[in-house]
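Enquirer: how would this look folded up:
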Amino acid sequence: MAFENLIIEKKGNVAILTINRPKALNALNTLTLKEMQKAIFMLGDDPDVAVIILTGAGEKAFVAGADISEMKDFDVNQAISFSMEGHRTMDAFSHIEKVVIAAVNGYALGGGCEIALACDFIYASQNARFGLPEVTLGIFPGFGGTQRLPRLIGKGKAKELIFTGEMITAQQALELGIVNKIFPSENLMEESLKTASKIASNGQVGIRMAKRVIDAGFDVSLSEGSAFESKAWGLVFGTYDQKEGMNAFLEKRKPVYKGK
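Expert: Numbers count the residues shown, from 1 in each chain. Take a look at the predicted model:
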């Protein structure tokens, strides 16, 4: 499938999904959001892809936000529709069973910060900058930022960042727990690929189940989450990957997983 604003590159069983609007600092317009949904569903169905890395084209920006030139003349209904399109995109990334790593190179502002937050975790370049500056435009985050950021760093700190529209450095994002690791710009993709390849070498059934249980646990009580974990853990014992992994360990050989 050909895309106007995206590039997909495969390296082994890792797919690199690049938002390719560098002249617009990879800003998210309606077309790009729709293409991202199609791309993530396509990669989700690809049996040869285990892990996805999301990044932005160029050195300046991961995604500098939603496309203001498209948004500025929205009426109320158009704005609601655009927000819902954004939510569908963010949900597609957060709900996919495969692991998605955000490799943030440069600015991740507004919708860019929100799509990074929808990924499983974030690696950032030293020059990366994060923020939800929508209030400086007279609006507020509309692609999930008011929901995902407080769950990650706490309500008080999230409110401070959203209400001030403050932009923070990669180091500050690391200290807040938004970012997992920071690398020099020239090493960001290499390091992201290393981690992606390591994840891809493990049993994908177990990873899919772990992701599902972790994410579900945020919406239920501890006891409910623990019960869900026990059931999911038991189901893994009916899979090829569980048998292969444990047999390989006992036989002192490298497992050959099939993701089933």
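Enquirer: contacting residues around the closest residue to residue 204 other than its chain neighbours?
Expert: Distances taken as CB to CB, 6 or more residues apart in numbering put residue 259 closest to residue 204, at 4.0 Å, once the chain neighbours are dropped. C-beta: built from backbone N, CA, C; applies to glycine. Counting by CB atoms under 8 Å, 6 or more residues apart in numbering, residue 259 touches 47, 50, 203-205, 241.
Enquirer: ok, 7 Å please
Expert: When contacts are counted by CB atoms under 7 Å, 6 or more residues apart in numbering, residue 259 touches 204-205, 241.
Enquirer: got a pLDDT number for residue 222?
Expert: What the model reports for residue 222 is a pLDDT of 94.
Enquirer: now it: how far from residue 159?
Expert: According to CB to CB, to the nearest Å, residue 222 stands 25 Å off from residue 159.
Enquirer: With residue 91 instead?
Expert: 23 Å.
Enquirer: show me what contacts residue 229?
Expert: Residue 229 neighbours (CB under 7 Å, 6+ apart): residue 213.
Enquirer: Where does it sit, in terms of helix or strand?
Expert: Under the criterion of DSSP states H and E, residue 229 resides in helix 222-236.
Enquirer: That helix: how far from the chain's middle?
Expert: When distances are taken as CA atoms, centre = their mean, to the nearest Å, helix 222-236 is centred 24 Å away from the chain's centroid.
Enquirer: Next: stretch 221-233.
Expert: 24 Å.
Enquirer: So which bits of it are buried?
Expert: Going by neighbour count (16 or more other CB atoms under 10 Å), the buried part of stretch 221-233 is 225, 229, 232.
Enquirer: Look up how far residue 37 lies from the residue nearest to the last one when sequence neighbours are not counted.
Expert: Yep, that's residue 232 we're talking about. Closest residue to residue 232 apart from its sequence neighbours, by CB to CB, 6+ apart: residue 209 at 4.8 Å. The gap separating residue 209 from residue 37 is 24 Å, by CB to CB.
Enquirer: Doesn't residue 182 lie inside a helix?
Expert: No - going by DSSP: H, G, I helix; E, B strand; the rest coil, the assignment for residue 182 is strand, not a helix.
Enquirer: Contact partners for it?
Expert: Taking CB under 7 Å, 6+ apart, one finds 124, 126, 170-171, 174 in contact with residue 182.
Enquirer: Now, the residues you listed that are in strands?
Expert: Within those, residues falling in strands by DSSP state E are residue 124.
Enquirer: are any of the contacts of residue 182 buried, and which?
Expert: For these, a burial check counting by 16+ other CB under 10 Å picks out 124, 170, 174.
Enquirer: Residue 32: what's it in contact with?
Expert: Contacts of residue 32 by CB under 7 Å, 6+ apart are 5, 19, 21.
Enquirer: now swap in residue 211 and tell me
Expert: By CB under 7 Å, 6+ apart, the neighbours of residue 211 are 97, 99, 120.
Enquirer: make it 10 Å
Expert: Neighbour list for residue 211: 94-100, 120 [criterion: CB atoms under 10 Å, 6 or more residues apart in numbering].
Enquirer: List the buried residues for the helix or strand where it lies?
Expert: In the assignment (DSSP H and E), residue 211 maps to helix 204-217. If you call a residue buried by 16+ other CB under 10 Å, then helix 204-217 has these buried ones: 204-211, 213.
Enquirer: can you check stretch 38-53 too?
Expert: 39-40, 43-44, 49-53.
Enquirer: Please enumerate the helices of this structure.
Expert: 30-45, 68-71, 76-95, 111-118, 145-153, 155-164, 170-176, 188-200, 204-217, 222-236, 240-250 (DSSP state H).
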